[in-house]
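Asker: Below is the structure, and that's it, no one-letter string:
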């Protein structure tokens, strides 16, 4: 036991990959953080919970096993991703399988369900240990641990509860000491297994944050308390069947997996029903990322959550950590009008139309600016507030184009492509509502800006943001796609491909690469797009969770405990700070949708991004209940032995195939 205590206390987090499990309506503090092997923290700033096995004085745990010995990812094939499964050896003669699921609701009373199965390959005796310590994926300082034997429950910090379903063999609570400022607990079972025999250990953690600010005032609901582990896991799987209404399928199983996992990451990170780029580390609605997520929620069929987010967005003209930025007004227009079109909801569009008018007014002000325009965007990162750039919306207009600010520089092609798209969609919204004079004026402004962008900004194309903005999502420069194609292909081949024609992955901003792939498909470079998409679909060697990062590991997060060495962010080891980054998750959802179906005017185009490999005899692909501006569509395309296509289609009349 002394060896386990020493080893567990001195083992830090791997910091390679983590995912969040949570309910879309739950509080931010309720999100469970999980590292490879299913070491996890039940909610934010709580503790770390991990499995350690002792056999013949040797210790085995996901915390210390090399990544190549771990299998970790969502259980099952496409269709049931909410259960995280870890598989690994504990020496030569014992195999471990650990299932982890989560149920939550509004508030912060989620429950994590664990089922760990040990299978003997030969006769074996040993100890199965559940270790509770301050170090965990989102670990925090433990103040007190209390064991209640009659309930088989360990209470952590007077609130969080870990409950066992089997009678414990032994428990040891190790107090804090001069070297460690937190106590730890080791809950131990003795096992003795014959060859081929298995044993299961089940436990759950019930979230509770009454020890935190205002916690004592919140009434308890306990939606999932006392539910058995088996029932909890089964319910999480059943819940997922309705949480994601829209499904896709293809010969390449990774497509459906990435679709579902991206949706899972988006839904898990949401806070009180509002989108978040990432759980915890992005505690605000960031405009340019958030609108992509809003669109993705509509695409996956969660119009209820997309509506909730768009209602919140409607009066929020600027949002993000860097103040009022030039691209924000158009991004808001895109989100609002796209949602109204997809849901065919004219009364709601009429309701939010005044906010669209205000956004157009902001665009017109920027297009007429003769001096810098100052404006406050309230959501600002504290470190950026006292800088002169944070309140600069734009600089004086240049050549009929907005000379703006996005992040801390002026990618004007990106900014003006958004402006053009915003004006065009505002005109479309006005026309839908019978406001034809406004529609004509805004359409003329969009056309004039398009000509200016083509003449003055397209020749300067080359910022890494430029190929992520047109034609998707803005539909900018609709009349000069041949010229845009030339610029895009030149940039893509130079930056996304190696001289040998292989993928050159985006190291930091993974959402850029996903959007660039999307535009490669739309501009007719499907072969180049799939070189990069194939790479993005491949899971890292250490996990199978479709987790994409933003930024370097050195980026600080608002975790109180990151400064104390608790939590996932170990600067010497962490692979990336912000993960899963849901701008990327949203981009992948929108990209995959375009592979299968996209609107072109009053026609649906099926299969625009389908690769040649899907068109071989015996292959099958399609979508189930995919929403479009023209109505919901389901189809299955089957390739017969003779190479001929058979299409089973249900949806709007106007459609065509495009392979």
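Answerer: Ah, there it is. These numbers were taken from a predicted model, which means no experiment stands behind them.

Asker: Just give me the residue closest to the centre of the protein.
Answerer: residue 582 (3.0 Å; C-alpha atoms, centre = their mean).

Asker: so how far is the helix or strand of the chain with the lowest mean pLDDT off the chain centroid?
Answerer: Least confident helix or strand, the chain: helix 382-385 with a mean of 80, by mean pLDDT, DSSP states H and E. Shown here is helix 382-385, whose average C-alpha point lies 25 Å from the average C-alpha point of the whole chain (C-alpha atoms, centre = their mean, to the nearest Å).

Asker: and it, what does it pack onto?
Answerer: Contact analysis of helix 382-385 by 3 or more C-beta pairs under 8 Å, 6 or more residues apart in numbering; DSSP states H and E lists no helix or strand as a packing neighbour. Backbone N, C-alpha and C define where each C-beta goes, glycine included.

Asker: need the next SSE after it, C-terminal direction.
Answerer: strand 392-398 (DSSP states H and E).

Asker: If you count contacts, what does that following strand end up packed against?
Answerer: Other helices and strands packing on strand 392-398, by 3+ C-beta pairs under 8 Å, 6+ apart, are helix 346-367, strand 373-374, strand 401-404.

Asker: relative orientation of it and helix 346-367 in degrees?
Answerer: Taking axes from the mean of the first three to the mean of the last three C-alpha atoms, to 10 degrees, one finds strand 392-398 and helix 346-367 inclined to each other by 60 degrees.

Asker: residues of stretch 261-277 that come out buried?
Answerer: Buried residues in stretch 261-277, counting neighbours by 16 or more other C-beta atoms under 10 Å, are found at 261-271, 273-277.

Asker: quick revisit: return the set of buried residues in the least confident helix or strand of the chain.
Answerer: Within helix 382-385, judged by 16+ other C-beta under 10 Å, no residue is buried.

Asker: show me where this protein has helices.
Answerer: Along the chain, the stretches classed as helices by DSSP state H are 2-10, 229-243, 253-269, 287-299, 303-314, 328-343, 346-367, 382-385, 412-432, 436-452, 481-495, 510-522, 526-537, 582-596.

Asker: Just give me the neighbour total for the residue lying closest to residue 106 once chain neighbours are set aside.
Answerer: Excluding the flanking residues, the one nearest residue 106 by C-beta to C-beta, 6 or more residues apart in numbering is residue 25, at 4.3 Å. For residue 25, the number of neighbouring residues by other C-beta atoms under 10 Å comes to 18.

Asker: and what of residue 66?
Answerer: A count of nearby residues for residue 66, using other C-beta under 10 Å, gives 8.

Asker: I'd like the distance between it and residue 36.
Answerer: Counting by C-beta to C-beta, to the nearest Å, the gap from residue 66 to residue 36 is 11 Å.

Asker: Over to residue 465?
Answerer: Counting by C-beta to C-beta, the gap between residue 465 and residue 36 amounts to 32 Å.

Asker: Comparing these two, which residue is more hemmed in?
Answerer: residue 36 (27 against 21).

Asker: Am I right that the more buried one is in contact with residue 16?
Answerer: Yes: Residue 36 lies in contact with residue 16 (C-beta atoms under 8 Å); the separation is 6.4 Å.

Asker: The residue nearest to the centre of the chain: what's it in contact with?
Answerer: With C-beta atoms under 8 Å, 6 or more residues apart in numbering as the criterion, the residues that contact residue 582 are 265, 266, 269, 275, 276, 277, 278, 289, 293.

Asker: Reformat the residues you listed as TSV; add distance to residue 301 and pLDDT.
Answerer: As requested, the contacts of residue 582 are exported to TSV (distance: C-beta to C-beta, whole Å; pLDDT from 0 to 100):
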residue	distance to residue 301	pLDDT
265	16	97
266	12	98
269	18	97
275	15	96
276	20	95
277	21	92
278	22	89
289	21	96
293	14	98
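
Asker: and the two most separated of those residues?
Answerer: 265 and 289 (13.0 Å; C-beta to C-beta).

Asker: which ones are touching residue 443?
Answerer: Residue 443 makes contacts with 423, 424, 427, as judged by C-beta under 8 Å, 6+ apart.

Asker: For these, pick the one with the most neighbours.
Answerer: Neighbour tally across the contacts of residue 443 (other C-beta under 10 Å): the maximum, 27 neighbours, falls on residue 423.

Asker: Could you pull up the contacting residues of that one?
Answerer: Residue 423 makes contact with 330, 360, 363, 442, 443, 445, 446, 449, according to C-beta under 8 Å, 6+ apart.

Asker: got those residues as JSON lines, with pLDDT and distance to residue 202 columns?
Answerer: Written out in JSON lines, the entries for the contacts of residue 423 read as follows (pLDDT from 0 to 100; distance: C-beta to C-beta, whole Å):
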{"residue": "330", "pLDDT": "98", "distance to residue 202": "51"}
{"residue": "360", "pLDDT": "98", "distance to residue 202": "58"}
{"residue": "363", "pLDDT": "98", "distance to residue 202": "57"}
{"residue": "442", "pLDDT": "98", "distance to residue 202": "60"}
{"residue": "443", "pLDDT": "98", "distance to residue 202": "62"}
{"residue": "445", "pLDDT": "98", "distance to residue 202": "63"}
{"residue": "446", "pLDDT": "98", "distance to residue 202": "60"}
{"residue": "449", "pLDDT": "98", "distance to residue 202": "61"}
